[in-house]
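Undergrad: please work out how this folds:
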Amino acid sequence: MRLDRFLANLPHCNRQQARLMLAQRRVRLDGQVISDPLAEVREFSQVQLDEQLLQAGRPARYLMLHKPAGCVSATHDPQHPTVLELLPAALRADLHIAGRLDFNTTGLMILTNDGQWSRRLTQPATKLPKQYLVETEDEIAEHYVAKFREGFYFAFENLTTQPAQLDILGPRQARLAIVEGRYHQVKRMFGFFDNKVVGLHRESMGAIRLDPGLAPGAFRQLTPEEIGTV
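TA: Modelled structure (predicted):
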C-alpha cells in the first residue's frame, strides 16, 4: 500500500499526521529516508519511524527448480513426494508455486513467497507465454497449427482458450507457447485430435528460461535480471 496510508493505519495517527512525519524526514523505508507519501510499502519492506520499527519486513525469495517427473506440484501431499521436498528445509517456509505442473511433467518451476510477483507471472491477463516441449503418441499434422491459434472450447469451464503458438519440430514433437494454465490444458488441446501427450517439458515462463545447467531436482536463486522481467 502507499506509505502515507500505511502510516495513517497506525494507532493515534491520521493521514495529515502521516504526511507531516514524512515531510519531517522521520520515516525510513528499507533503510532509506523517504518523504514521498506515494512510496510503496510491500510485505517485504522494513518501515521505521524515528528509531521505532513499524514493520520488520522479510526477505523475498525467488527460486528456479528443474522439476523431475514423479513428484507433485504441492506444498504437502500424503501419498507422493512434493517439489518442496526437493529444497532444504530452511528454504521452504512461506514458499508457493507459481504455475503448477502435472505429476509426470518436467521442467521449469518457480517457487516464491512474493504473491504479487507470481500473479503477474501466471495470470492470463499479463499474456506472458509459457513454452513447452511436447511429445505425442501419434503424428502432429500441419492443420493442428491453425486450431491452436484459433483456440479450443473447454465445456467444463465454458471458455475458449486464448490463441496459442504451435511449432512442429518433428513427426511427434512440437514446441507450444500458451498464455494460460488451465487444468491439463496442453493434454486437453491435443486430446481434441485424439492424440495423447506422452512427454511434456516446460522450457520457459515469460523471459525466464530453465537453466540448461540445472539437473532434474536441482534449483537456484533467480537473478535480479530474471526477477525484473516480470
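
Undergrad: tell me which element L7 falls in.
TA: helix 3-8 (DSSP states H and E).

Undergrad: so how far is that helix off the chain centroid?
TA: Offset of helix 3-8 from its chain centre (CA atoms, centre = their mean, to the nearest Å): 29 Å.

Undergrad: now do it: which elements does it pack against?
TA: Based on contacts counted as 3 or more CB pairs under 8 Å, 6 or more residues apart in numbering; DSSP states H and E, the elements that helix 3-8 packs against are helix 15-23, strand 27-29, strand 47-49, strand 52-55. All C-beta atoms are positioned from the backbone trio N, CA, C, and that covers glycine.

Undergrad: tell me the first helix or strand C-terminal of the second one.
TA: This points to strand 27-29. strand 32-33.

Undergrad: mean confidence score for that next one?
TA: The average pLDDT for strand 32-33 rounds to 90.

Undergrad: ok, now stretch 75-93?
TA: 90.

Undergrad: got the buried residues for it?
TA: Judged by neighbour count using 16 or more other CB atoms under 10 Å, the buried positions of stretch 75-93 are 82-84, 86.

Undergrad: can you check stretch 145-165 too?
TA: Of the residues in stretch 145-165, those buried by neighbour count under the rule 16+ other CB under 10 Å are 145, 148, 152, 154, 161, 164.

Undergrad: so the first one belongs to a helix, correct?
TA: Yes. For V145, which was evaluated using DSSP: H, G, I helix; E, B strand; the rest coil, the result is membership in a helix.

Undergrad: most tightly surrounded among the helices and strands packed on helix 3-8?
TA: Mean neighbour count, computed with mean count of other CB atoms under 10 Å, is highest for strand 27-29 among these, reaching a mean of 21.
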